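S.K.: Give the three-dimensional model of this entry:
(chains A, B, C and D)
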Protein chains: 4
Amino acid sequence: MSYFSDVNKIAYEGPDTKNDLAFRHYDADAMVEGKTMRDHLRFSVVYWHTFRGTGADPFGGPTLLRPWDDGSNSVENAQNRVRVAFEFMEKLGAPYFAFHDIDISPEGNTLSETQNNFDRVVETIEEEMQRTGIKLLWGTANLFSHPRYMHGAATSCNAESFAYAAAQVRKCIEVTKRLGGENYVFWGGREGYQNLWNTDMQRELENLGRFFHMAVDYANEIGFKGQFLIEPKPKEPTKHQYDSDAAACINFLRAYDLGDHFKLNIETNHATLAGHTMMHELEYAAIQGALGSIDANRGDLLLGWDTDQFPTDIYQTARTMLVLLKHGGIGSGGVNFDAKIRRESIDIHDLYHAHIGGMDAFARGLKIAAAIRADGQLQGLVDQRYASWKSGLGAEIESGEHSLTSLEKIALETKAFQPMESGRQELFENIVNRFI
Amino acid sequence: MSYFSDVNKIAYEGPDTKNDLAFRHYDADAMVEGKTMRDHLRFSVVYWHTFRGTGADPFGGPTLLRPWDDGSNSVENAQNRVRVAFEFMEKLGAPYFAFHDIDISPEGNTLSETQNNFDRVVETIEEEMQRTGIKLLWGTANLFSHPRYMHGAATSCNAESFAYAAAQVRKCIEVTKRLGGENYVFWGGREGYQNLWNTDMQRELENLGRFFHMAVDYANEIGFKGQFLIEPKPKEPTKHQYDSDAAACINFLRAYDLGDHFKLNIETNHATLAGHTMMHELEYAAIQGALGSIDANRGDLLLGWDTDQFPTDIYQTARTMLVLLKHGGIGSGGVNFDAKIRRESIDIHDLYHAHIGGMDAFARGLKIAAAIRADGQLQGLVDQRYASWKSGLGAEIESGEHSLTSLEKIALETKAFQPMESGRQELFENIVNRFI
Amino acid sequence: MSYFSDVNKIAYEGPDTKNDLAFRHYDADAMVEGKTMRDHLRFSVVYWHTFRGTGADPFGGPTLLRPWDDGSNSVENAQNRVRVAFEFMEKLGAPYFAFHDIDISPEGNTLSETQNNFDRVVETIEEEMQRTGIKLLWGTANLFSHPRYMHGAATSCNAESFAYAAAQVRKCIEVTKRLGGENYVFWGGREGYQNLWNTDMQRELENLGRFFHMAVDYANEIGFKGQFLIEPKPKEPTKHQYDSDAAACINFLRAYDLGDHFKLNIETNHATLAGHTMMHELEYAAIQGALGSIDANRGDLLLGWDTDQFPTDIYQTARTMLVLLKHGGIGSGGVNFDAKIRRESIDIHDLYHAHIGGMDAFARGLKIAAAIRADGQLQGLVDQRYASWKSGLGAEIESGEHSLTSLEKIALETKAFQPMESGRQELFENIVNRFI
Amino acid sequence: MSYFSDVNKIAYEGPDTKNDLAFRHYDADAMVEGKTMRDHLRFSVVYWHTFRGTGADPFGGPTLLRPWDDGSNSVENAQNRVRVAFEFMEKLGAPYFAFHDIDISPEGNTLSETQNNFDRVVETIEEEMQRTGIKLLWGTANLFSHPRYMHGAATSCNAESFAYAAAQVRKCIEVTKRLGGENYVFWGGREGYQNLWNTDMQRELENLGRFFHMAVDYANEIGFKGQFLIEPKPKEPTKHQYDSDAAACINFLRAYDLGDHFKLNIETNHATLAGHTMMHELEYAAIQGALGSIDANRGDLLLGWDTDQFPTDIYQTARTMLVLLKHGGIGSGGVNFDAKIRRESIDIHDLYHAHIGGMDAFARGLKIAAAIRADGQLQGLVDQRYASWKSGLGAEIESGEHSLTSLEKIALETKAFQPMESGRQELFENIVNRFI
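M.R.: Coordinates of the predicted model:
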């Protein structure tokens, strides 16, 4: 049975189409820098927002009532939802999806019942993956919604919470492997604190390190080759999350000797909540070899919470794609729409509009980034700005020939100066605008 | 000649005094947890704000015209200012001070003239230090005010800027050693970027690492034993500073193998600009062995720039002192008032009010923290909250006996639960209030 | 049946008591500036957070499971909850409470059923009010939680939503009158917009004005004499709320000729979300004759959402009480704890700790404010700062004797000057600290 | 003598030109909705940033050393600067400029000398205006830079500051009239407070009202017909500015009966510092008849101060132009580039790049806005969303036929419902993107 019978497979129809349900820019097979758009972008649909989002917010209840959902917590309802989801993703043409364990299958009264439910729904998923060719970008365990995780999971003050989280993660890695997941993500939902008065930060961080080592060991044991990812976010739901930004994540990985096993899943809205641009977080992670995947969305910089809006700003998508192209792409990661429709977007077609808009925005970002690179003026200006490092004094310094004392000797012979290099920010911005 | 002839040495007169120019709480010789207040707090006055601050802001010129300043750039004026400064610090009873090279002596037309000026003023400083017994907490080179540093110093796109900065730092370390400075600080004023379009972040970070290694080598060469410190700040003057917060600093130190040589100088207003509490930054740095010193001030959390107000909130000073007491004190660091009077505080007595207020606020913070520790109820509640880690399952996990699989086995046998530990944040806050 | 049988009536035991369940500062009958603390503070407990709060947040479900709640939506459960609430308030000694219609009674399948439920629960409330002497500070209708209000209520794009809201408000004013409520509040939960693309702001504002006029007319019709209040909040749940701050509210009241009928209910956390201090909002409203009541709580200025924490910062409560004392008190308003315990505060005693802490913090704030006023030094410094307005040129200007031209004449004769008045912020802060 | 001899008049060369010093989109004579781009946009260059900006910031001195500036404070230097400015504006093709009194002429030792300097420089300006046809958008007096205004001007605690400000404003209105200025602006630089402890807010607001009435009276007296404008900004340099946002400004104008004489000059960066979008502030002001002019720039939403960057985001310029077109244009106002080049943009061509980028961005914004209006789909969706107000119940309510009671009757007959109107935010955003 189809729930989207009035929607055809979304096709690329070019910028001039009048069809709201068509791509204007995302042409999966079009080549950019020698690779298809599909392979550059590796779009992924998230199960949680798109198929489990209800529109509830802290001031009001669900608004998004879906015709396919019988409202029950049954495995059958969950299996039916899987079929709807795959119909949606197939029509959309997204090659990947991502899920939390409890998004796709209902929790039971016991862990064993929960695991059993999970296995039954995963069967349906396997069928649908086989039928459609859609692949799993990553799996993850939800370690923050249940009250047992109110104080955190791996960083809980309660050791049983840690144990239960371990069980959930074990099972979810097993399932991710079974489904051919290319990554496995940890988002530290409540791994942080509400206040420091009641918190033993050192113990909590050490336990978090321990937890991740257990995951690494288990992956080795079962031969799971997917990439582990952690995901920076500074706050919300807790007052402070330990994985607050890329720097905090990488420092944590270094401190607990996990750097070889983990990369980062960088999210736009989390970057800005941390006071950084997405471009910064991507570049920072990339130069440390830690860029794994991206959660594509957009925040509202005048609001202080994670609005998870769909990405539509093509400046933003162009900047993101420039960093990705510069560093050789996203590897086994993808462009994962961790984004939700507004709670007032109650028409089921809004799900399509949202994803089409996001995919087109990224396709444009990719084309713009490639055009900027092909043009070369922008990079030329950067090179010119750093020219003093490529020879003479600069090259000597970079090759390690100098000390404070030897440089002082040079400075003592230098007349008063100010650099002649203009920052040229305005020209840079004008050049970028030529490609928008 | 005295410029503060109407001000006597500021004395401890107790909470009930009517004297605006007296300490109500800071009693230098009073013992707290077996140490004098003086030794706990190691107060330091900053030369820049207190003796070079003019009240200028981006929308208006100087308002703080000092009777002792002849307005010239002469060495004599600088030397005279030194004497005024030491009169002030002596009357205040602050045991330490801190400076930038160009705060204390005028730049000349050449580096050699500048160095010569520096040496001459340092002589006067030496005399005054000897006369008063006031010591140097730290020296630092100003690598951000001159136009030659518009693009940064160690991270400039211009190699000559790097060289000049090296010369300044070499000299300033030499002088810091000469004056018995207990630390040497690097604040990365423009070590960051205004925009990423024109920036080669990787090269800049590598050059910053190189620069610090040169400083370490030089210190070894001359036998400077003071502690090197870097200072987190997320933004301002640049759009993004590389040393954005404690995590970014420590990650940088790890990445460039500098962790053994550097600790952090944590500033309250910088912490909040980075979206963290001061208490967080202190605790985070301390558990990684990187807490070196603090810049004591206060921001306005509704404003987005570094207001550098004097610390007066005793909740804030109590939290700071609790972390310091917990981790065994501030070591060779101090409580350095990197704070400035408001530009409308044009009366020279306002300099006294400001410092007296800050010192009293920290003295109260120290007494409150010690009282909370002596009382024990707060720590008792923390211990109780983590009790599950001290035996049984928790202890097994912490001793490394478990894997995801073994924990799953336990979870499978556990009935549905939610932790019984209340976070008790309200009670914690009530307990703290009993000591305020 | 008692649900708090282990809790005695909370008594004033003074600052040195060891009892966590006692007041250290709130002594209801103690006199301050000629009035009891009870009458100054007029504390009010909110029904929504305290008796309907579940601990759910956007990332997790309920954590606060109450023994008295059978989980059903029945009128009996609601009535039983009323009795628990009054037991709590009675033991606490709060003289007032406040509610939304749907907090206290369950919505039915039709409006008429809802109204009928409401009436039945209100009967129980009347009994309890009579039994305990606790009074109603204000009633309000919840016009934001139900999906019918997803686009707003009075500002909905849907006229039926407006009509339904009108019905709810009519009934709720009727009930508020019946219960002797001293005020009636409108908080514009979704009276705003998520984006301007889809919004007709002018129509929405006009409809909001219309709605309030209908309420005024109805109050006149039935002889409801309570004060109408609107409540500033800048954002959340919507991206922009029309009642964004005190200025926006008062401007709205002026624009739609409602100023005679409405005052403001000012909330601490809403003030700071709008970028203002609470002290600013109070003073601003007061000098325009629009200060009606306060919602007492506290935000976390490093977080961008309404955390609604209990007020515990005595600087904050002192500032609030200073403004209230200055302007002759809160009138028919009160200090209403629109605050919630943290979701991890799962012990039912935490409800007591939270309110005791808030009440003590306000009692201290009141005593501090009164002491600052009695001392007089602070006000003396303010008077001195404005002395130039009290005679001579200043007095002439204020009495309307001058024009630009006549003042120019004076300025032409004046020599270059800068004001001699120091702002003395540091001294002001020191003086305040003497009373903390 | 020319200082820009290597720069030709900036010409429209279309999107494909390779010339960095050409317009790609701004074609002054091109018609949009029946009016030339020139007349829609009324671009204005600001004297302060563009000809007096030095690149100084709170952490460093001037970087922008201009070959035409002899560094002196002489009238001749000022007159020469005028000629450079008009050469720049002429080559740029901007039809308007704006200035503060002290931007264009040096302050003397006495007010009379200052006025004399002003008159002499104004003569040169008159010559250049005549020569080039460039007109004055507005004049304004700088009432915030001199120390005499440290406590504010009209809101100073010092009555002499008020008088001096009156003199400056009188003269500046006279000059603005003489130069045919179409508006006169008041930006309340320090009309606010640094803290409330030392502030008498009520007196200060009343004095501000008095001051504006004097200006109105003077304008009437001399027959100045230009529009008076006040300019919202929430903070910086003071902690709180009275004119914090459009709502606060309009409320102030209403409270002091100034609404007939003043409109608002809305600035993008000020809007966002106040927590609003520019689109909000424009729409809000417009529907109250108070939209006068705009200061075109852009902030960095991750920074908390006024960065005054040149506008380059075409989403932003399109939104601005949509509001302007909707409300019939900007009237006697203009698009005034209150924007500054970065302090590292030390090449004098950067001044051209900056303005060209801004003008092109607004030209694109205008074309996009006109295209969205011509297309009609977006407005059609808005109309559809509000359809329920155009007939039936909605129309009855809007025509005043209903009361709470009559609406309750209708609601009692209505079955449970939720609105069927989707907010469609994602589709709206997709539609907008089609025009970007």
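
S.K.: Could you measure from residue A:21 over to chain C?
M.R.: Shown here: residue A:21 relative to chain C, a distance of 19 Å by Cβ to the nearest Cβ, to the nearest Å. Any C-beta I mention is one placed from the backbone N, CA and C, and that applies to glycine too.

S.K.: my read: that residue touches residue A:7, true?
M.R.: Yes: under the criterion of Cβ atoms under 8 Å, residue A:21 makes contact with residue A:7 at 6.2 Å.

S.K.: Now do the shared contacts for the two.
M.R.: Residues touching both residue A:21 and residue A:7 (Cβ atoms under 8 Å, 6 or more residues apart in numbering or on different chains) are A:349, A:352.

S.K.: Show me which residues of the stretch 101-250 of chain A are close to chain C?
M.R.: With the criterion set to Cβ under 8 Å from any Cβ of the partner chain, the stretch 101-250 of chain A comes near chain C through A:144-147, A:149-151, A:189-190, A:194, A:235-237, A:239.

S.K.: what is the most centrally placed residue in chain A paired to in the beta sheet?
M.R.: Nearest to the mean C-alpha position of chain A, counting by Cα atoms, centre = their mean, stands residue A:295 at 2.2 Å. Residue A:295 has the following beta-bridge partners by DSSP bridges: residue A:267, residue A:336.

S.K.: Need the single longest helix in chain A, by residues.
M.R.: In chain A, with assignment by DSSP state H, the single longest helix is helix A:349-375.

S.K.: ok, and does that one reach over to chain B?
M.R.: No: contact of helix A:349-375 with chain B (Cβ under 8 Å from any Cβ) is absent, the minimum separation being 9.8 Å.

S.K.: Could you confirm whether that helix reaches chain C?
M.R.: No: remark: helix A:349-375 sits outside contact range of chain C, by Cβ under 8 Å from any Cβ, the gap being at least 12.1 Å.

S.K.: Flag every buried residue along that helix.
M.R.: Within helix A:349-375, the residues that qualify as buried by neighbour count (16 or more other Cβ atoms under 10 Å in any protein chain shown) are A:349-370, A:372-373.

S.K.: Is there contact, residue-wise, from that helix to chain D?
M.R.: Yes: counting by Cβ under 8 Å from any Cβ, contacts between helix A:349-375 and chain D involve A:350, A:353, A:354, A:356, A:357, A:360, A:361.

S.K.: got a list of what the closest residue to residue A:367 other than its chain neighbours touches?
M.R.: Leaving out its chain neighbours, the residue that sits closest to residue A:367 by Cβ to Cβ, 6 or more residues apart in numbering or on different chains is residue A:32, at 6.5 Å. The contact partners of residue A:32, by Cβ under 8 Å, 6+ apart, come to A:40, A:366, A:367, A:370.

S.K.: now for these, which pair is the farthest apart?
M.R.: Considering Cβ to Cβ, no two members of the contacts of residue A:32 lie farther apart than A:40 and A:367, which are separated by 10.2 Å.

S.K.: circling back: for residue B:28, state which of the contacts of residue A:32 is nearest.
M.R.: For the contacts of residue A:32, the nearest to residue B:28 is residue A:366 (65.1 Å; Cβ to Cβ).

S.K.: Give the ranges of residues in chain A that sit below the confidence cut-off.
M.R.: Low-confidence segments of chain A, defined by pLDDT under 70, are absent.

S.K.: and it, what are its domains?
M.R.: Under the assignment automatic domain parsing, the domains of chain A span A:31-375, A:378-434.

S.K.: Quick check: which of these is buried the most?
M.R.: When the domains of chain A are scored by mean count of other Cβ atoms under 10 Å in any protein chain shown, the highest mean neighbour count falls to domain A:31-375 (a mean of 21).

S.K.: Kindly check the end-to-end length of that one for me.
M.R.: Terminal residues of domain A:31-375 lie 17 Å apart, using Cα to Cα, to the nearest Å.

S.K.: Would you mind measuring from the closest residue to residue A:294 other than its chain neighbours to residue A:274?
M.R.: Counting by Cβ to Cβ, 6+ apart, residue A:294 lies nearest to residue A:266, which is 5.3 Å off, once chain neighbours are set aside. With distances taken as Cβ to Cβ, to the nearest Å, residue A:266 is found 10 Å from residue A:274.

S.K.: Now the common contact residues for those two.
M.R.: Taking Cβ under 8 Å, 6+ apart as the contact definition, residue A:266 and residue A:274 share the neighbouring residues A:232, A:281.

S.K.: Show me where chain A has its strands.
M.R.: A:31-32, A:35-36, A:43-46, A:96-100, A:135-140, A:183-187, A:192-193, A:227-231, A:240-241, A:262-267, A:291-295, A:335-337 (DSSP state E).

S.K.: Can you add distance to residue C:101 and give these back as TSV?
M.R.: Output for the strands of chain A, formatted as TSV (distance: least, Cβ to Cβ, whole Å):
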stretch	distance to residue C:101
strand A:31-32	57
strand A:35-36	57
strand A:43-46	37
strand A:96-100	36
strand A:135-140	41
strand A:183-187	38
strand A:192-193	37
strand A:227-231	41
strand A:240-241	37
strand A:262-267	39
strand A:291-295	40
strand A:335-337	39
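
S.K.: so which of those comes closest to residue C:310?
M.R.: Each of the strands of chain A has some distance to residue C:310 by Cβ to Cβ; the shortest is strand A:192-193, at 18.0 Å.

S.K.: Setting aside sequence neighbours, what's the nearest residue to the residue of chain A found nearest chain C?
M.R.: The minimum distance from chain A to chain C, using Cβ to the nearest Cβ, falls at residue A:304 (0.8 Å). With Cβ to Cβ, 6+ apart as the measure, residue C:304 is the residue that lies nearest to residue A:304, at 0.8 Å, once sequence neighbours are left out.

S.K.: can you map out the helices along the stretch 51-200 of chain A?
M.R.: For the stretch 51-200 of chain A, the helices defined by DSSP state H, counting those that start in this stretch occupy A:75-92, A:101-104, A:111-132, A:159-178.
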